[in-house]
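Participant: Sharing a sequence plus its predicted fold:
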Amino acid sequence: MPFLQSIDTVFKPLTSFRADIEGLRGIAVLAVVLYHFQLGIAPGGFVGVDIFFVLSGFLITGILYREISRDSRIYFADFWARRVRRILPAATLVLLISLAGVVALVPPLDIPRAVSDIGTAAIFMVNWQLARHAVDYLAQTDSPSVVLHYWSLAVEEQFYLFWPPVVALALVAHRFWRKIVIVRVWILATLILWGASFWVSIYLAGSNAPFAFFTTIGRTWELLTGALIVLLVPSKPLFENKWFSATLGWAGFAAVVAAILLLSSTTQYPGWPALLPTLGTAALIVTGTGAGPARLLAVFPLRFLGRVSYSWYLWHWPFTWFGSQAWPHLNLAGQLILFVGSLLAGAASYYFVENPVRYNALLLSSTRLSLAFGAMLIGLSFGAASIVWSLYANPKIVLHDGKTIPIQTVRDDLPRIYSDGCHITQHATTYEDCVYGVPSGADTVVLFGDSHAAQYFPPLESAARQLGWRLVVRTKSACPPYEATLWNFEYRRQYYECEAWRQRVMNEIARTRPTLVIAAAASDYRFVDPATGYSLEKSRAAALAAAGEQRLASDLLRGTEAVVFIRDTPIFPEAPPRCLASNPSHEEKCQWRLELILPNPRFPVAIGSLDPRVQIVDLTPDICENGICAAVQNGKVQYRDDHHLSASVAITLAPKFIEMLKHVADLPQQR
């Protein structure tokens, strides 16, 4: 096929075995492992995955290119059979050992989530589950997934499913329209997909960072960067200029190293910053083996790490995760032991599992057998996870009197405004009417704040119904009622959605002039540092919170007759459901002294007696009787996590809210 052969002389040197690429894989895996072990050496080590993506796109596209240039077709079954032999044996082994470790070491309460992640990892869909879970505000106190690292494997395998068919379309187009050159159609399709994916990556990095980070659509452009190297590499003479090649190579190497050392977990990623490691890797690939840092990358230690990189990548995270489960306060020496242990496990896996299966003569002789073997491995890990999940799916709390309470019942003990859609998510800025109580009531009370305000909906709604008040709910996840420039850790940026929502609510209050506004909020918000644009140190946040609360009180009093601030609730050192599940029949082990678990500072931070119409209510004595905060009170689990009241306990506070409403009704009328 002449139109392919025209660039074949350039392509061949790039796709034959290259020691520098093996070394580059070594740098990539080392960066990731250092990052996950939190040794402080590679704050941007997560970009090692970006390096892998570019290399994978380059090598896989090279395989497809060779098939088309040789036989004018793509052997789909052979392609996926190779992936089975290369990926599944080691991946399945690590999943099964992780599953056994979860059963042996993880508290029963956490087993269903961990096993669910293992099951989705087995079918290469865990990246979507991790993205969804990362933006679930109710799940943010959960520990990282036991198979967190499988997200990148899932992205690659999803790419391998759709990329060969896309390439085949170029081949079909050529066969129907002979004047169309396959490479040109291929390049056009790749550029379109690259641009779409890169745009999505930039958009999501600023609006929904977990989806940008974990999902295939936000990462495809990095794999396609490797593909474009195959398709768009300039003519060979350009790279025979050693000065040019060396300059480009060292620039690429500097970009990769800078990304590893300068980026961090606060970076909005991937988006624009991902260009640094992606283009740096691309530059290292295209400069070849003759100039620049190629010799440095080809040194034996890096090549060895690159050779075992896949297996080490699979093993390093279980060592990190289970190490933290077994030894929560592990020192640096312990971390280094786990680091070396994971490398040894990865090397053993490479020599005794990965390679023997990959080059097994029987599997190599039959594509069908390889695919059947892959189906068996996927079924084995997914089936084992399903069985374990069914055994632990409904853990229960057992109290000393023999009463049992399903854990899920406690976790689902939410105010109904969650299911109604009236407690809005972090991403939302608009809301519905959300009117409760007596909608035609003459007096209106507005519940305003974050989830620590939303937890008081049950008693307030009960009080409003009893006294004939109209209740309007204005609550939003992770968004306090006072004016502040907040940092959002999930989005890794300023929390613009909170500001827009808060302003909308304040305008509504000024327009509708309710009788009473009840405001509540958590106490541990982080603010944006105006000097850096990143998260402000917590020690400097109290003054900003106090100023915001003062402004809120003044602004609300211009639009309402009275304001009630509810002091923030204690934060339990351990979620009561978790503590109770770990101590069956011994709930006395799940209680703490009040003074040890109060937030500091505590909302409201500095609201004084500004006006007789401002009231501060502290419900803590009702939650922590006699200064003891117990997980169980009157046979009910008080908190559904470590800092939110369960709805069935909150409803018992209704008399307190009846007092609040009556107090406002008795104030001298300003209407």
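Facilitator: Thanks, I have the structure now.

Participant: Only C-alpha atoms from now on, for both contacts and neighbour counts.
Facilitator: Noted.

Participant: Let me see the ranges of the helices in the stretch 151-300 of the chain.
Facilitator: 182-207, 209-214, 220-232, 236-239, 242-262, 275-286, 294-297, 300-307 (DSSP state H, counting those that start in this stretch).

Participant: centre of the chain versus the longest one, how much separation?
Facilitator: Translated: helix 182-207. Taking Cα atoms, centre = their mean, to the nearest Å, one finds helix 182-207 lying 23 Å from the centre of the chain it belongs to.

Participant: pLDDT weak spots in the stretch 51-200 of the chain?
Facilitator: Low-confidence segments of the stretch 51-200 of the chain (pLDDT under 70): 135-142, 173-182.

Participant: Repeat the analysis, applying 80 as the threshold.
Facilitator: 69, 71-73, 134-143, 169-185 (pLDDT under 80).

Participant: Tell me which residue is most central in this structure.
Facilitator: Ala134 (3.7 Å; Cα atoms, centre = their mean).

Participant: Quick check: chain neighbours aside, which residue is closest to it?
Facilitator: Using Cα to Cα, 6 or more residues apart in numbering and skipping residues adjacent in sequence, the residue nearest Ala134 is Pro210, 6.1 Å away.

Participant: Let me see the contact set for the one you found.
Facilitator: Leu130, Ala131, Arg132, Ala134, Val135, Glu490, Tyr491 (Cα atoms under 8 Å, 6 or more residues apart in numbering).

Participant: By neighbour count, sort out the buried ones in those.
Facilitator: Leu130, Ala131, Ala134, Val135, Glu490, Tyr491 (16 or more other Cα atoms under 10 Å).

Participant: need those residues in JSON lines with distance to Val617 and secondary structure, can you?
Facilitator: Shown next, in JSON lines, are the buried ones among the contacts of Pro210 (distance: Cα to Cα, whole Å; DSSP: H, G, I helix; E, B strand; the rest coil):
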{"residue": "Leu130", "distance to Val617": "39", "secondary structure": "helix"}
{"residue": "Ala131", "distance to Val617": "38", "secondary structure": "helix"}
{"residue": "Ala134", "distance to Val617": "34", "secondary structure": "helix"}
{"residue": "Val135", "distance to Val617": "32", "secondary structure": "coil"}
{"residue": "Glu490", "distance to Val617": "31", "secondary structure": "coil"}
{"residue": "Tyr491", "distance to Val617": "33", "secondary structure": "coil"}
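
Participant: quick check, nearest of those to Asn600?
Facilitator: Comparing the buried ones among the contacts of Pro210 against Asn600 with Cα to Cα places Glu490 closest, at 23.0 Å.

Participant: Pull up the gap between the closest one and Ala209, please.
Facilitator: 7 Å (Cα to Cα, to the nearest Å).

Participant: again with Val517
Facilitator: 33 Å.

Participant: And Leu193, by the same measure?
Facilitator: From Leu193 to Ala209 the distance is 20 Å (Cα to Cα).

Participant: Tell me which of the two has more neighbours.
Facilitator: Each of Leu193 and Ala209 has its neighbours counted (other Cα atoms under 10 Å); Ala209 has more, 27 against 16.

Participant: how does the chain divide up, domain by domain?
Facilitator: 2-392, 415-570+603-618+650-665 (automatic domain parsing).

Participant: Mind checking these for the one nearest to Arg578?
Facilitator: Comparing these under Cα to Cα, the one sitting nearest is domain 2-392, at 6.3 Å.

Participant: Now do that closest one: distance to the chain's middle.
Facilitator: Distance, centroid of domain 2-392 to centroid of chain: 18 Å (Cα atoms, centre = their mean).

Participant: got any ranges where the stretch 501-650 of the chain has weak pLDDT?
Facilitator: 529-542, 606-612.

Participant: one more time with 90
Facilitator: 524-550, 559, 561, 578, 581-583, 587, 599-602, 605-615, 633-635 (pLDDT under 90).

Participant: So which residues of it form strands?
Facilitator: 516-520, 562-566, 591-593, 614-617, 628-630, 632-633, 636-637 (DSSP state E, counting those that start in this stretch).

Participant: Just send those strands back as JSON lines, with distance to Gly379 and mean neighbour count too.
Facilitator: Output for the strands of the stretch 501-650 of the chain, formatted as JSON lines (distance: least, Cα to Cα, whole Å; neighbours: other Cα atoms under 10 Å):
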{"stretch": "strand 516-520", "distance to Gly379": "49", "mean neighbour count": "26"}
{"stretch": "strand 562-566", "distance to Gly379": "53", "mean neighbour count": "23"}
{"stretch": "strand 591-593", "distance to Gly379": "44", "mean neighbour count": "17"}
{"stretch": "strand 614-617", "distance to Gly379": "56", "mean neighbour count": "18"}
{"stretch": "strand 628-630", "distance to Gly379": "44", "mean neighbour count": "21"}
{"stretch": "strand 632-633", "distance to Gly379": "42", "mean neighbour count": "16"}
{"stretch": "strand 636-637", "distance to Gly379": "39", "mean neighbour count": "19"}
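
Participant: Format those strands as a markdown table; extra columns: distance to Val183.
Facilitator: Listed next are the strands of the stretch 501-650 of the chain as a markdown table, based on distance: least, Cα to Cα, whole Å:
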| stretch | distance to Val183 |
| --- | --- |
| strand 516-520 | 61 |
| strand 562-566 | 66 |
| strand 591-593 | 68 |
| strand 614-617 | 71 |
| strand 628-630 | 69 |
| strand 632-633 | 68 |
| strand 636-637 | 64 |
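
Participant: The ones you listed: which one's closest to Pro301?
Facilitator: Comparing these by Cα to Cα, strand 591-593 comes nearest, at 51.7 Å.

Participant: Please compute how far the closest one lies from its chain's middle.
Facilitator: Worked out by Cα atoms, centre = their mean, strand 591-593 lies 32 Å from the chain centre.

Participant: ok so, going back, Val103: which of the contacts of Pro210 is nearest?
Facilitator: Leu130 (20.7 Å).

Participant: residues in contact with that closest one?
Facilitator: Ser145, Leu148, Trp151, Pro210, Phe214.

Participant: try it again with 10 Å
Facilitator: 117, 120, 136, 144-145, 147-148, 150-151, 210-211, 213-215 (Cα atoms under 10 Å, 6 or more residues apart in numbering).

Participant: Show me which residues of stretch 492-507 are buried.
Facilitator: Result for stretch 492-507 [16+ other Cα under 10 Å]: buried residues Arg492, Arg493, Gln494, Tyr495, Tyr496, Glu497, Cys498, Glu499, Trp501, Arg502, Val505, Met506.
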